[in-house]
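Trainee: Coordinates only, no sequence provided:
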């Protein structure tokens, strides 16, 4: 879905996606949590926010993917 909606070819979308997202645009909360923990260890952030506060799936709901 991500490739189709963005107009890029699937191989490019596959290479561009991170562990915190899927090709259909859905987010992987565990991957986001791992990234946030990494940022905390590196002292890029002062505190670990609630992961749910970082996720906005409203666009997915709008296009019927969630």
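Mentor: Structure's in. What do you need? Computed from a predicted model, the values in this text were never measured in an experiment.
Trainee: quick one: low-confidence parts of the chain?
Mentor: Along the chain, segments meeting pLDDT under 70 span 1-6, 8, 12-25, 60-61, 63-66.
Trainee: mind listing the helices in it by residue range?
Mentor: Along the chain, the stretches classed as helices by DSSP state H are 2-6, 10-16, 29-41, 58-62.
Trainee: For the longest one, buried residues please.
Mentor: Yep, that's helix 29-41 we're talking about. Residues of helix 29-41 classed as buried under the neighbour-count rule (16 or more other Cβ atoms under 10 Å) are 32, 35-36. From N, CA and C alone the C-beta is placed, and that goes for glycine too.
Trainee: wait, which of these is closest to residue 52?
Mentor: Top of the list for closeness to residue 52, among the buried residues of helix 29-41 and by Cβ to Cβ, is residue 32 at 9.6 Å.
Trainee: you'd agree that closest one is up against residue 50?
Mentor: No: contact status for residue 32 versus residue 50: not in contact, 10.9 Å apart, counting by Cβ atoms under 8 Å.
Trainee: so how many other residues sit close to residue 42?
Mentor: Applying other Cβ atoms under 10 Å, we find 8 other residues in the vicinity of residue 42.
Trainee: Return the distance of it relative to residue 35.
Mentor: Going from residue 42 to residue 35 by Cβ to Cβ, to the nearest Å gives 11 Å.
Trainee: Residue 45 now?
Mentor: Residue 45 is 10 Å from residue 35, where distance means Cβ to Cβ.
Trainee: Name the nearest residue to residue 49, ignoring sequence neighbours.
Mentor: Taking Cβ to Cβ, 6 or more residues apart in numbering as the measure, residue 49 lies nearest to residue 36, with 6.8 Å between them; neighbours along the chain are not counted.
Trainee: ok, now which ones touch that neighbour?
Mentor: 45, 48-49, 51, 54 (Cβ atoms under 8 Å, 6 or more residues apart in numbering).
Trainee: Recalculate using a threshold of 10 Å.
Mentor: If you count contacts by Cβ atoms under 10 Å, 6 or more residues apart in numbering, residue 36 has them with 20, 44-45, 47-51, 54.
Trainee: Good, we can wrap up now.
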